[in-house]
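Q: any chance you can model this:
(2 chains)
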2 protein chains.
Amino acid sequence: MSGKDAGQPTKRLLRVLSGETLKRPPWWLMRQAGRYLPEYRALRERAGDFVTLCLTPRFAAEVTLQPIRRFGMDAAILFSDILLVPKALGQRLSFENDGPKLEPLSGLEGLRSFDLAMLEPVGDAASRVCAALSGDTALIGFAGAPWTVATYMIEGGTSRDFYRVRTLAYRDPLAFNALIEAIEEATLAFLAVQIEAGVEAVQLFDSWAGVLSTEGFERWVIAPTKRLVVNLKHRFPKVPVIGFPRGAGLNYERYVAATGVDAVGLDTAVPPAYARTSLQIRLAVQGNLDPVLLRVGGEPMRQAVTELTQILSTGPYIFNLGHGVLPDTPPEHVAELAQLLNG
Amino acid sequence: MSGKDAGQPTKRLLRVLSGETLKRPPWWLMRQAGRYLPEYRALRERAGDFVTLCLTPRFAAEVTLQPIRRFGMDAAILFSDILLVPKALGQRLSFENDGPKLEPLSGLEGLRSFDLAMLEPVGDAASRVCAALSGDTALIGFAGAPWTVATYMIEGGTSRDFYRVRTLAYRDPLAFNALIEAIEEATLAFLAVQIEAGVEAVQLFDSWAGVLSTEGFERWVIAPTKRLVVNLKHRFPKVPVIGFPRGAGLNYERYVAATGVDAVGLDTAVPPAYARTSLQIRLAVQGNLDPVLLRVGGEPMRQAVTELTQILSTGPYIFNLGHGVLPDTPPEHVAELAQLLNG
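A: All right, here's what the predicted structure looks like:
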């Protein structure tokens, strides 16, 4: 935890998040702890269901550490799920084969007051990970950004088109805003639990930022993210925030200019040259190897990694994928990637 | 068809496609012929299945004309489907409740030589529509762009993640390119049938342009579209091409600069102010009211229409949605929109 207490951070990931350029960029992968690892699948089997896995500290800590032991990434990301927030707001949550299922909400009526105690195991897991991590590995916490969490709450799961939530947002913006604010408040508390337990940076996943019109993006992505960042910075001025507005496309620049995040995650579609000239001049960038290339491996992957790092390593840069590791990715490909990146 | 024969076009849509700015923009809507109309549902019932509807000229012509009779758009778009090309290439096609189903292909082995005769009814339908359309209404033909058609051919339908097709493209780019070229050639022939029967402009739907990395976008969206446009322009120099690279985001500018299209369709996420300053200076733009707003109707829709037309009507502009009409859109909302736009 030396990075937090003593002025300048020393861990490689945190140095980049504070704006430093490192010759060899630090790296981690979204969904680095997950189904592509046999040891994850074994533990998931033991835990029974996914929610139990997230809320049992020794399991969540173990799963968080698994990829670090194998591949030595520069950061661990606490194993958890963005939908624990709706669960703590009283919405029933389960995970089936085709993804998460929530009892769809039509408004605020179905919500009860936020049950923070339900999320305390996530803090316990973070403490365990901190105790186990060695010197230079940072621990990242995370939450869903309010818009993305709201899409799940209204749609009842993932969606192809997000018509229910977008219709509600257009038809009754006041009610929808009340939902967004309830999520915001719960998210702040959820992140505070993680930070107080030792996470050193947080990432806000706005996975469905790309389905909105410009006006919707301004109102439901930018505004809540900005308020959340202000509140986080007020309570935890030294904890950097990474925003990941996946699919934001032409709105990436506005997101970076307006939200106050310390770093921005690039999805697979963001041109690296654009990221360098238009985003990295302002803040650290993170991304964006196509996860399909990690699954394919070999020469196509190596070549893409070389090109990507050449373009972005001249500024503050964290290597990552443009989306999560695919479940059928061979772990050997991640080992190959580690060899390229660990120097 | 006077617009095609006599130098300058006279129909409002074609005037804008040739670069003219009209005070009151012409309009049409993607999926303006479709399930939201009771008369469409009745005819679909009679036809039995969707493919029969597309390939029976009197049915396809009737469905094409239905929205024009009700709402008086400035253009009809020939009722057809982008997946008729894979069908004519020998792939079995059916439409189920959750969308199109194709027998997934793994490469070129499953393709037979292109059966152009199968698509002739589409030309017959176009001739019927031309004969029935009155003075100022233009007729648009269309096809899928090669990348998007390839995604359906490899995935066997719509997909959430497009892993199969993206994996093939990375693993075996030569085989994938051969597939793309086969689609390209068939698409050119498919569009030629439509143009020779009287369509006055064509739109290339690249619905899944947004799932690629920058490099993939260059190779699988830009390159085939550019070749297709060159070949179309060679055979039909006076027929304008509208490109619709849905989800292209930060790659929109490159698409516009490199492909040679005469106009570009804007998806819902493209900021209108960006479209004005970065795209419309080069070519006509078309779009991009959120279809959810058409479904919601009333004041939110009216306000958005006013803002959109104010921003874009200072250059060559065709009003449209950012995506197709939603099946549960009340026809009265389209009537309300028509009232705003027909002046």
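
Q: poorly predicted segments of chain A, please.
A: Along chain A, the model assigns pLDDT under 70 to residues A:1-6, A:106-107.

Q: in it, what residue lies closest to chain B?
A: residue A:249 (2.4 Å; C-beta to the nearest C-beta). In short, each C-beta sits where N, CA and C put it, glycine included.

Q: residues contacting the nearest residue to that residue once chain neighbours are set aside?
A: In space, and not counting its chain neighbours, residue A:249 is closest to residue B:249: 2.4 Å by C-beta to C-beta, 6 or more residues apart in numbering or on different chains. Residues near residue B:249 by C-beta atoms under 8 Å, 6 or more residues apart in numbering or on different chains: A:210, A:247, A:248, A:249, A:250, A:269, B:210, B:269, B:270.

Q: cool, and residue A:169?
A: A:176, A:216, A:219, A:220.

Q: if we use 10 Å, what do you get?
A: A:147, A:150-151, A:154, A:162, A:175-177, A:179-180, A:212, A:216, A:219-220, B:292, B:296, B:300 (C-beta atoms under 10 Å, 6 or more residues apart in numbering or on different chains).

Q: what about those, which are in helices?
A: Under the assignment DSSP state H, the contacts of residue A:169 contribute A:147, A:150-151, A:154, A:175-177, A:179-180, A:216, B:292, B:296, B:300 to helices.

Q: report the buried members of those.
A: Buried members of those, scored by 16 or more other C-beta atoms under 10 Å in any protein chain shown, are A:147, A:150, A:151, A:154, A:176, A:177, A:179, A:180, A:216, B:292, B:296, B:300.

Q: mind picking the two most distant members of those?
A: A:151 and B:300 (19.1 Å; C-beta to C-beta).

Q: which helix or strand contains residue A:287?
A: strand A:284-289 (DSSP states H and E).

Q: packing partners of that strand?
A: Helices and strands touching strand A:284-289, by 3 or more C-beta pairs under 10 Å, 6 or more residues apart in numbering or on different chains; DSSP states H and E, are helix A:12-17, strand A:241-244, strand A:263-265, helix A:272-274, helix A:298-312, strand A:317-321.

Q: in what helix or strand does the nearest residue to residue A:47 once chain neighbours are set aside lie?
A: In this structure, residue A:47 finds its nearest non-sequential neighbour in residue A:53, 4.0 Å apart by C-beta to C-beta, 6+ apart. Using DSSP H and E, residue A:53 sits in helix A:50-55.

Q: got the buried residues for that helix?
A: A:50, A:51, A:53, A:54, A:55.

Q: please apply the same query to stretch A:26-40.
A: A:26, A:27, A:28, A:29, A:30, A:31, A:32, A:33, A:34, A:36, A:37, A:40.

Q: ok so, going back, pairing partners for the strand holding residue A:287, with directions?
A: strand A:263-265 (parallel), strand A:317-321 (parallel) (DSSP bridges).

Q: mean neighbour count added to those, as a markdown table?
A: Shown next, in a markdown table, are the strands paired with strand A:284-289 (neighbours: other C-beta atoms under 10 Å in any protein chain shown):
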| stretch | mean neighbour count |
| --- | --- |
| strand A:263-265 | 26 |
| strand A:317-321 | 26 |
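
Q: among the ones you listed, single out whichever gets nearest to residue B:234.
A: Of all the strands paired with strand A:284-289, strand A:317-321 comes closest under C-beta to C-beta, at 41.5 Å.

Q: give the next helix or strand downstream of the closest one.
A: helix A:331-342.

Q: need the contact partners of that next one.
A: A:24-29, A:32, A:36-39, A:67, A:70-74, A:289, A:293-298, A:301-302, A:305-306, A:309, A:319, A:321, A:325, A:329-330.

Q: try 7 Å
A: A:27, A:36, A:37, A:71, A:72, A:294, A:295, A:297, A:301, A:302, A:305, A:319 (C-beta atoms under 7 Å, 6 or more residues apart in numbering or on different chains).

Q: contacts only, for the first one.
A: Read it as residue A:27. A:73, A:74, A:318, A:319, A:320, A:341.

Q: state the phi and psi torsions of the nearest residue to residue A:91 once chain neighbours are set aside.
A: Closest residue to residue A:91 apart from its sequence neighbours, by C-beta to C-beta, 6+ apart: residue A:102 at 5.1 Å. Backbone torsions for residue A:102, taken as degrees, to the nearest 10, come to phi -130, psi 150.

Q: measure residue A:102 to residue A:142 for me?
A: Residue A:102 sits 19 Å away from residue A:142, taking C-beta to C-beta, to the nearest Å as the criterion.

Q: more crowded one of the two?
A: Applying other C-beta atoms under 10 Å in any protein chain shown to residue A:102 and residue A:142 shows that residue A:142 carries more neighbours, namely 21 against 18.

Q: packing partners of the stretch of helix or strand that one belongs to?
A: Per DSSP H and E: residue A:142 is located in strand A:138-144. If contacts are counted by 3 or more C-beta pairs under 7 Å, 6 or more residues apart in numbering or on different chains; DSSP states H and E, strand A:138-144 sits against strand A:75-77, helix A:120-132, helix A:173-196, strand A:201-205.

Q: now the angle between helix A:120-132 and the longest one, please.
A: On the basis of axes from the mean of the first three to the mean of the last three C-alpha atoms, to 10 degrees, helix A:173-196 is oriented at 40 degrees to helix A:120-132.
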